[in-house]
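Enquirer: how would this look folded up:
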Amino acid sequence: MEALIAGMGCMGPFILFIGIWVLSCIRVVNEYERAVVFRLGKVLPQPKGPGLIVIFRPIDKAVVISLRTVVLDVPSQDVITRDNVTLKVSAVVYSKVVNPLQAVVGVENYQWATSQISQTTLRSVLGEVTLDELLADREKLSLRLREIIDSATEPWGVEVTAVELKSVDLPEQIQRAMGKQAEAEREKRAKIIAAEGELMASQQLLDAANKLSENPTAIQMRYLQTLTEIAVEKNSTIVFPLPMEFLKAFEKFVGKKD
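Expert: The predicted model follows:
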């Protein structure tokens, strides 16, 4: 009996070691994660997870990769547009891992690599367009950037879902020039609208004159209406318009006397 107890006492540390080893081999992987397992340096064909997984230490090594969408902030890049305008442009890249094996085996650091390819692509693509195209077609440029960056990151198991231009910092002289251009454009539209208004008013006056000329009494009625409008204002002086026919008759009479 004493020998059995002594034997169990000797096995105690070994059992404790086995228990600790088993606990260290058990790992919990979240729903949005996958564990890429290397066994003796060779990657297993399928990642493990989610849930409870067993890693046989020390022959196994697990690298956990998140499958959630990651937002990469592309810092401001100095861009020279096709019309030789220097700008500072920043962007935001939305990406996620679709192949955990390639994200671990195909590239050293997939997030850093995606950020670098995003910066270089941003400079190269925006350097091929003019300033007006950059400001007016930002949606088209974002789609083009997404396609180029996604094709570059596809071998790494990373999918770029969206690219958005965050800000475009213009030099002060360009801002002043654009302000003058916008002001000139507004003045141009104002002059065009005023000219169109004068044209429409002249057409209406012509139509009114033609209507009044059809009946001489209408002109006299218009004179009386004008006098009524002047009298309402309580003016001390009233200007009474003479009929044009009276002036023409007076002009003929004076001409005969001469």
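
Enquirer: all helices for the stretch 101-250 of the chain, in order.
Expert: In order along the chain, the stretch 101-250 of the chain carries the following helices (DSSP state H, counting those that start in this stretch): 110-126, 131-136, 138-153, 172-213, 216-232, 244-257.

Enquirer: pLDDT averaged over the fourth one - what is it?
Expert: By that I understand helix 172-213. On average, the pLDDT along helix 172-213 is 79.

Enquirer: Make 39 the first number, not 1, from now on.
Expert: Understood, numbering begins at 39; the last thing we discussed is helix 210-251.

Enquirer: counting contacts, what elements does that helix pack onto?
Expert: helix 254-270 (3 or more C-beta pairs under 8 Å, 6 or more residues apart in numbering; DSSP states H and E). Bear in mind the C-beta positions are built from the backbone N, C-alpha and C, glycine included.

Enquirer: Nearest to residue 99, out of the helices of the stretch 139-288 of the chain?
Expert: Shortest distance between residue 99 and these, using C-beta to C-beta, is found for helix 148-164: 17.9 Å.

Enquirer: Taking helix 176-191 as reference, get the angle to the closest one.
Expert: Helix 148-164 and helix 176-191 meet at an angle of 130 degrees, taking axes from the mean of the first three to the mean of the last three C-alpha atoms, to 10 degrees as the criterion.

Enquirer: mind checking which helix or strand of the protein has the lowest mean pLDDT?
Expert: Confidence across the helices and strands of the chain bottoms out at helix 282-295, with a mean of 62, counting by mean pLDDT, DSSP states H and E.

Enquirer: mind giving me TSV with the helices of the stretch 139-288 of the chain and columns for distance to residue 125 and mean neighbour count?
Expert: Putting those into TSV (distance: least, C-beta to C-beta, whole Å; neighbours: other C-beta atoms under 10 Å) gives the following:
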stretch	distance to residue 125	mean neighbour count
helix 148-164	8	18
helix 169-174	7	15
helix 176-191	13	17
helix 210-251	8	10
helix 254-270	61	11
helix 282-295	67	9
